[in-house]
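Asker: Fold the stuff below for me.
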Amino acid sequence: AASETIAAAMQVLAHTDAVMFDMRQNGGGFPHTVRFLCSYLFDEPTHLNSLYFRQGDRTEEFWTLDDLPGTRMPEVPVFVLTSAETFSGAEEFCYNLRTQERATLVGETTRGGANPGGLFDVNPQLEIFIPRGRAINPITGTNWEGTGVEPHIAVDAASALDKALECARPAAEVFRAARVARWDAFDAAHKEAIRLYDVGRIGDAAVAIAAGLRAAHAAHLMGEPDINMLGYDILQDGRTALAIAILTFNVETYPESSNAWDSLGEASMAGGQIDEAIAHYERSIELDPANENARTKLAELRAGQSMTP
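Answerer: Have a look, this model is predicted:
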């Protein structure tokens, strides 16, 4: 499916400093695919486009998706290459990002096909395309039908890549510097949490690491697997209560992750919090009945409880 291919590609690009989309030879696609791709570039729910259909007098709104595989890139500099051959769904992608001020378009004005329709037979030798609806952008109230989408930087299509690269390099440097600063801030929070923990201020350590994680997650530096790995590293170092704090943050942030609950169960078990560990493993199994590790650990914990006088 197109969504699986897009998700795989965006995962490869998840930690890039700038991204380009080449729409110069893209003749279009489906609005649901456009929405799926656009969703990676926004953090908050965003109304991208609407399609009004004459039949049934109905309007379908297209918002960014709440649930998305992989990592969002709401602050990464985006450049889109365009040409006079860019058409239909590819133009919607360009128009969405232009009106939301989320990308810089480089190249030529696009072809100008916005309204959905279909082919109808006039006679056995002739058919005609007739629009059955129209696109309505939530910001402009109109669309690109007949006019195309104008680029921010107008150059011929053959020169668009070179021009975009010229613009992308300094933008990437600025973004990279900001990301490094955020990583430095998290590293400082991490070290402070360790220091506090090691002098017995366990509650303060938990507060410090939670604040660092919250900022890192908001900046899209760390996702569920990264937080999980950090928790395990801390657990292996013997700082069990701090590991529990980290993995608790993970389940609060990703409450539908069976793996996150499984990991918190393991840390709770290591910390002697048996009732809590049982509850965490039970939740993990609810989310993923095929989680055999959680079932095994849960059986061990319950067996231990039954042997307690």
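Asker: switch to C-alpha atoms for all contacts and neighbour counts from now on
Answerer: Will do.
Asker: low pLDDT regions in the chain?
Answerer: Within the chain, the set of residues satisfying pLDDT under 70 comprises 306-309.
Asker: In it, mark out all the strands, start to finish.
Answerer: Applying DSSP state E to the chain gives strands spanning 19-22, 47-53, 58-63, 78-82, 104-107, 117-123, 126-131, 133-136, 153-154.
Asker: how about CSV for the ones you listed, with mean neighbour count added?
Answerer: As requested, the strands of the chain are arranged in CSV below (neighbours: other CA atoms under 10 Å):
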stretch, mean neighbour count
strand 19-22, 17
strand 47-53, 20
strand 58-63, 15
strand 78-82, 26
strand 104-107, 25
strand 117-123, 10
strand 126-131, 12
strand 133-136, 20
strand 153-154, 17
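Asker: Can you add distance to residue 242 and give those back as JSON lines?
Answerer: JSON lines is the format used below for the strands of the chain (distance: least, CA to CA, whole Å):
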{"stretch": "strand 19-22", "distance to residue 242": "37"}
{"stretch": "strand 47-53", "distance to residue 242": "40"}
{"stretch": "strand 58-63", "distance to residue 242": "38"}
{"stretch": "strand 78-82", "distance to residue 242": "38"}
{"stretch": "strand 104-107", "distance to residue 242": "43"}
{"stretch": "strand 117-123", "distance to residue 242": "58"}
{"stretch": "strand 126-131", "distance to residue 242": "60"}
{"stretch": "strand 133-136", "distance to residue 242": "51"}
{"stretch": "strand 153-154", "distance to residue 242": "51"}
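Asker: who wins for proximity to residue 248 among those?
Answerer: Among those, strand 58-63 comes nearest to residue 248, with 30.7 Å by CA to CA.
Asker: circling back to that earlier point, the strands of the chain: which one's closest to residue 256?
Answerer: Taking CA to CA as the criterion, residue 256 comes closest to strand 58-63 out of the strands of the chain, the separation being 22.1 Å.
Asker: Now do the closest one: distance to the chain's middle.
Answerer: The chain centroid and the centroid of strand 58-63 are separated by 21 Å under CA atoms, centre = their mean, to the nearest Å.
Asker: hang on, the earlier thing: nearest to residue 304, of the strands of the chain?
Answerer: Proximity of those to residue 304 was assessed by CA to CA; the nearest stretch is strand 58-63, lying at 49.9 Å.
Asker: That'll do, ta.
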